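give the three-dimensional model of this entry:
(one chain, ligands or ions: 2)
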Amino acid sequence: MKRSSSISLGSSSGSKRQASLAGFLKPSQQTRVDHGKRRNLDLLYFDRFVTPSCAGQLTKYLLDALPWYRVKYTVRGFDVNTPRYTTVFGKDSTDTKWEDYACKPRAIPEILLRLMRKVEEVTGETYNFTLVNYYSSGTDSISYHSDSESFLGPNPCIASLSLGAPRDFHLRHVDYKTNDVPPQKFVLHDGDMVVMRGKTQHRWQHAVPKRKHADGRINITFRKGVVRYATANYNQYNVGKGPMYRWEKGRMMEKAASGGLSGP
Ligand SMILES: O=C(O)CCC(=O)C(=O)O
Ligand SMILES: [Fe+2]
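Numbers count the residues shown, from 1 in each chain. Ligands and ions are numbered 1, 2, ... in the order given. Now for the predicted structure:
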């Protein structure tokens, strides 16, 4: 699908830094991958949803402006070190007041909000969270998982934008061990967007595997949390209680303990 609309990401922003981001979006091509053989894989793929110049500015801005975390947690007695930097903004759609959460959610920064509105327009969905990953090198990754959390509702739509270095994106059917449904593998380039919809999260898993060599890559996902627990869960697994990191002089620098969410 061709679209000619473009928007400015920066013109009416409050902060000077954001206002200097004069990029634009131009959804160029939309490919839908959903035929029956692929068993409930309902994907939209936007080739260069964000133009290269906008993607470059956005990457620099986000790296610089956002607080980053390297979350550690325990699952069934095993210590897990999240193998990438993460951060999260937004709040579930319940009418819970912001101050009533044990860990106060953070408002979505203006630039991500603008991006979210454009993604909403193009996907015909609404979102209230943005989760951001930073893969600093090929050893940063996300292993096979599905985002089928019940707090996202029955068939969640998740829009996922890639910025920076290309990385492989793999999908496999949940019953891949016993069926012959082939895995799907493609490369996500700077500015590309994948939208996972329908039963995709229930019937498929996705991953960004480790690679020997890869430069920095940011991934932004837009999701909609429909119950209060979404906010606590996303905070726990994307911010945690460990130190915060800031991008300074071309690398991540550890800062004081976050103690939960505080302003970006
Ligand atoms: O980095 C990506 O492309 C995928 C990220 C992802 O699957 C997630 O954050 O749940
Ligand atoms: Fe995911």
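
does the closest residue to Ala207 other than its chain neighbours belong to a helix, a strand or coil?
Using C-beta to C-beta, 6 or more residues apart in numbering and skipping the chain neighbours, the partner closest in space to Ala207 is Tyr144 (4.3 Å). The way it works is simple: take the backbone N, C-alpha and C, and place the C-beta from them, glycine included. Assigned by DSSP: H, G, I helix; E, B strand; the rest coil, the conformation of Tyr144 is strand.

could you shift the numbering so residue one becomes 31, and keep it that way?
Done: numbering now begins at 31, and the last item shifts to Tyr174.

residue numbers of the stretch 131-280 of the chain in contact with ligand 1?
161, 163, 172, 177, 190, 192, 199, 218, 236, 238, 249, 251 (C-beta under 6 Å from any ligand atom).

the same query, at a cut-off of 8 Å, please.
161, 163, 165, 172, 175, 177, 188, 190, 192, 197, 199, 218, 224, 236-238, 247, 249, 251 (C-beta under 8 Å from any ligand atom).

excluding its backbone neighbours, what's nearest Leu74?
Per C-beta to C-beta, 6+ apart, closest to Leu74 is Val225, 4.0 Å.

in the host helix or strand of Tyr164, what counts as buried?
Using DSSP states H and E, Tyr164 falls within strand 159-165. Within strand 159-165, the residues scored as buried using 16 or more other C-beta atoms under 10 Å are 159-165.

how far out from the middle of the chain is that strand?
Distance of strand 159-165 from the chain centroid (C-alpha atoms, centre = their mean, to the nearest Å) equals 4 Å.

show me what that strand pairs with in its sheet, parallel or antiparallel.
strand 115-120 (antiparallel), strand 247-253 (antiparallel) (DSSP bridges).

which residues sit against it?
92-93, 96, 98, 114-122, 138, 142, 146, 170-172, 195, 197, 238, 244, 246-255, 260, 264, 268 (C-beta atoms under 8 Å, 6 or more residues apart in numbering).

low-confidence regions, the protein specifically.
The model of the chain has pLDDT under 70 over residues 31-59, 64-67, 287-294.

the closest residue to ligand 1 within it: neighbour count?
Distance from ligand 1 to each residue of the chain (C-beta to the nearest ligand atom) is smallest for Asn249, at 3.2 Å. Counted with other C-beta atoms under 10 Å, residues neighbouring Asn249 total 22.

hey, what's it bridged with?
Beta-bridge partners, per DSSP bridges, of Asn249: Asn163, Ser192.

ok, now which ones touch it?
162-165, 190-193, 238.

just send those residues back as a markdown table, with distance to Glu150 too.
Output for those, formatted as a markdown table (distance: C-beta to C-beta, whole Å):
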| residue | distance to Glu150 |
| --- | --- |
| Val162 | 17 |
| Asn163 | 20 |
| Tyr164 | 24 |
| Tyr165 | 25 |
| Ser190 | 14 |
| Leu191 | 13 |
| Ser192 | 18 |
| Leu193 | 19 |
| Val238 | 24 |
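
which of these sits closest to Met282?
Distance to Met282 across those (C-beta to C-beta) is lowest for Tyr164, with 8.1 Å.

from Leu193, how far out is that closest one?
Distance, Tyr164 to Leu193, using C-beta to C-beta, to the nearest Å: 10 Å.

what do those two both touch?
247-249.

which of those lies closest to Leu73?
Asn249 (15.4 Å).

and the closest one, how close does it get to Asp72?
In terms of C-beta to C-beta, Asn249 sits 20 Å off from Asp72.

I am finished for the moment; much appreciated.
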